[in-house]
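Asks: Pasting a predicted model and its sequence here:
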Amino acid sequence: MKLLFKQRLFSWFDSYDIYNEHGETVYTVKGELAWGHKLNIYNANGVHVGTVKEEIFTFLPRFKIIINGEEMGCIRKEFTFFKPVFTLDFKN
């Protein structure tokens, strides 16, 4: 499945809608005021499905993936010069 996102132009916090290839909203992402970035992810019915939270005081950005209150993985930015590269580590 291919997913596309579109950021809202005028919003106080990060806010995105994630669409499928048919233009239907699959997820909504809403930012929250916190130390570092914190994004709450909701499905099309408005039910909270997960959170992505930035870990602060790290040399390169790192984000925890939290589902049902349990840390399920992390996203880390790699040190590169030309293109941003991120690594996704997901627990089984």
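Replies: Happy to help now that I have it.

Asks: Off-centre distance for the helix or strand hosting residue 40?
Replies: Using DSSP states H and E, residue 40 maps to strand 38-43. Centroid separation for strand 38-43 versus its chain: 7 Å, with CA atoms, centre = their mean, to the nearest Å.

Asks: Check stretch 65-82 too.
Replies: With CA atoms, centre = their mean, you get 9 Å for stretch 65-82.

Asks: Helix or strand, whichever it is, which one in the chain has the lowest mean pLDDT?
Replies: Least confident helix or strand, the chain: strand 4-7 with a mean of 70, by mean pLDDT, DSSP states H and E.

Asks: Helix or strand next in line after that one, which one?
Replies: Per DSSP H and E, the first helix or strand lying C-terminal to strand 4-7 is strand 15-19.

Asks: for that following strand, what is the average pLDDT?
Replies: Here strand 15-19 scores 86 as its mean pLDDT.

Asks: what's the helix or strand for residue 89?
Replies: Judged by DSSP H and E, residue 89 forms part of strand 85-90.

Asks: So what are the sheet partners of that strand and their directions?
Replies: Sheet partners assigned to strand 85-90 using DSSP bridges are listed as strand 70-78 (antiparallel).

Asks: Dump the C-alpha coordinates for the partner strand into CSV.
Replies: The C-alpha trace of strand 70-78 is given here as CSV (Å, rounded to 0.1, in the frame of the first residue of the first chain):
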residue,chain,number,x,y,z
GLU,A,70,4.8,0.0,25.0
GLU,A,71,8.0,1.2,23.2
MET,A,72,8.0,-0.8,19.9
GLY,A,73,11.0,0.7,18.2
CYS,A,74,12.9,3.8,17.3
ILE,A,75,13.9,6.0,14.4
ARG,A,76,17.4,7.3,14.3
LYS,A,77,19.0,9.8,12.1
GLU,A,78,22.4,8.7,10.7
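
Asks: Please tell me how far residue 47 sits from residue 20.
Replies: Distance from residue 47 to residue 20, counting by CB to CB, to the nearest Å: 17 Å. Glycine gets a C-beta too; all of them are placed from N, C-alpha and C.
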